[in-house]
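Undergrad: need a structure here:
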Amino acid sequence: MYYPYLRAKRFELLAIREFAVAYSKNKNVFPIIEPVNGSFDELSKALSVAIDNKLGCAVILNPNVGQTYKNENFSSCITQIGEGIGTLLRESNCIVPAFIIDYGCDYHEIIECIREHNLHSAFLICKNVKNIDDESFVALISLEQVRVSVIDGENRALKKKLKGVGKEIVKIKDGFIAKARNRDYLETEDELFSEDFAYYKDDGYNGFSDYTTIGDNYYEGGGLPYVIAIHLTYQKENQIWIRHFVSETNADNNSNIQGKFYEAAAKALRFIAENDIQNEACEELKDYADKEHYPGLGTIKKISIKNHLELMEEVLSHL
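TA: This next block holds a predicted model:
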């Protein structure tokens, strides 16, 4: 099972919605979503579409980036997110709760939250656990209501601890090597993204995770870029690679953004045709390129994410 980690920004949520509809029979992709905005309208819409199409999702109730995290403490986050999507959490088996576990969290607080709100099948996102023998941490991971723990694959001691209490374990790895500027992707056209889909079971995991083609780093806002870069993943034997398609007319200004998009898209479409890649994301990219229409940075990111979700579903469905 593949558990992509996404932030609840508009275009990430659109990627989830469109994937859910296109792959309503999907049984291999289960997104983990971290709320980042004070409003939960877009998230609720995405989760409703996921439920309608039987796409399972885990929603983090104590985010550590974005507006919700900045403005609220743990209890306030739980209340605010609960008010935004609480009905979906309580009434659908498709939507399950998740909690980020790091060095600053209060394990007792999470235990009480799980019990008070009668939560079930909870995910623990273990980002930085200092003392795996801490009594309250052991009590948390031992809860019957906790089903899955997502961990850095290098933490073997934590993996052994979680296996000892019978939890499913998901390995997470950031396969996207972010560059300081889009033009820097010209230096490395092709990069290895991941091979976990082929080996996670051999390595003793129940699933694998990544941050799709966005990466773990979180940024708010954004404007017109000077350089357009389109990132698409693809399969090469037992590996997933990522190719960067970068515009050529890269003067230090954001003029002719439509022309720059077409330059990058043309490169991507040649690669797609040469490798006979067929999915909805690539068709959407072709449609914009045919019209020579720049759809905006958010839509480019959405296409990139959706391509990756579609790729992983197809890859896993043929294993």
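
Undergrad: Quick one: the helices in the stretch 201-319 of the chain, in order.
TA: Per DSSP state H, counting those that start in this stretch, the stretch 201-319 of the chain carries helices over the ranges 257-274, 280-290, 297-317.

Undergrad: Please apply the same query to the stretch 51-200 of the chain.
TA: In the stretch 51-200 of the chain, the segments counted as helices under DSSP H, counting those that start in this stretch are 66-71, 74-91, 107-116, 135-141, 156-164, 196-199.

Undergrad: Make JSON lines out of the ones you listed and add distance to Arg7, mean pLDDT and mean neighbour count.
TA: Just so you know, the C-beta spots here come from the backbone N, C-alpha and C atoms, and that holds for glycine as well. Written out in JSON lines, the entries for the helices of the stretch 51-200 of the chain read as follows (distance: least, C-beta to C-beta, whole Å; pLDDT from 0 to 100; neighbours: other C-beta atoms under 10 Å):
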{"stretch": "helix 66-71", "distance to Arg7": "7", "mean pLDDT": "72", "mean neighbour count": "16"}
{"stretch": "helix 74-91", "distance to Arg7": "14", "mean pLDDT": "86", "mean neighbour count": "16"}
{"stretch": "helix 107-116", "distance to Arg7": "21", "mean pLDDT": "94", "mean neighbour count": "16"}
{"stretch": "helix 135-141", "distance to Arg7": "24", "mean pLDDT": "96", "mean neighbour count": "16"}
{"stretch": "helix 156-164", "distance to Arg7": "24", "mean pLDDT": "94", "mean neighbour count": "15"}
{"stretch": "helix 196-199", "distance to Arg7": "21", "mean pLDDT": "97", "mean neighbour count": "18"}
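
Undergrad: Nearest approach to Tyr185 belongs to which of those?
TA: Of all the helices of the stretch 51-200 of the chain, helix 196-199 sits nearest to Tyr185, with 22.8 Å by C-beta to C-beta.

Undergrad: And for that closest one, what's in contact with it?
TA: The contact list for helix 196-199, computed with C-beta atoms under 8 Å, 6 or more residues apart in numbering, reads 2, 153, 171, 173, 208, 210, 238-240, 312, 315-316, 319.

Undergrad: mind redoing it with 10 Å?
TA: Residues outside helix 196-199 that contact it (C-beta atoms under 10 Å, 6 or more residues apart in numbering): 2, 28, 153, 170-173, 175, 203, 205, 207-210, 235, 237-240, 311-312, 315-316, 319.

Undergrad: Ok, stretch 39-48 next?
TA: For stretch 39-48, the surrounding residues in contact (C-beta under 10 Å, 6+ apart) are 6, 8-18, 20, 31, 33, 35-37, 55, 57, 59, 67-68, 80-89, 92, 94-95.

Undergrad: Just the buried residues of that stretch, please?
TA: Using 16 or more other C-beta atoms under 10 Å as the test for burial, stretch 39-48 gives 40, 42-43, 46-48.

Undergrad: again, but for stretch 18-38
TA: Neighbour-count burial for stretch 18-38, counted by 16+ other C-beta under 10 Å, picks out 18-20, 22-23, 26, 28-37.

Undergrad: Between the residues you listed, which sits nearest Leu124?
TA: Distance to Leu124 across the buried residues of stretch 18-38 (C-beta to C-beta) is lowest for Ile32, with 11.0 Å.

Undergrad: Test of understanding: give the bridge partners of the closest one.
TA: Here Ile32 sits in beta bridges with Tyr5, Ala58, going by DSSP bridges.

Undergrad: Show the contacting residues for it.
TA: 3-6, 57-60, 96, 98, 123, 125, 148, 150, 170, 172, 209, 211.

Undergrad: how about a cut-off of 7 Å?
TA: Applying C-beta atoms under 7 Å, 6 or more residues apart in numbering to Ile32 gives the contacts 3, 5, 58, 60, 98, 123, 209.

Undergrad: Among the residues you listed, which lie within strands?
TA: Mapping those onto strands (DSSP state E) picks out 5, 58, 60, 98, 123, 209.

Undergrad: mind checking how far Ser142 is from Asp152?
TA: For Ser142, the distance to Asp152 equals 21 Å [C-beta to C-beta, to the nearest Å].

Undergrad: Please apply the same query to Leu14.
TA: Distance of Leu14 to Asp152, computed by C-beta to C-beta: 29 Å.

Undergrad: cool, Ile110 as well?
TA: Ile110 is 19 Å from Asp152, by C-beta to C-beta.
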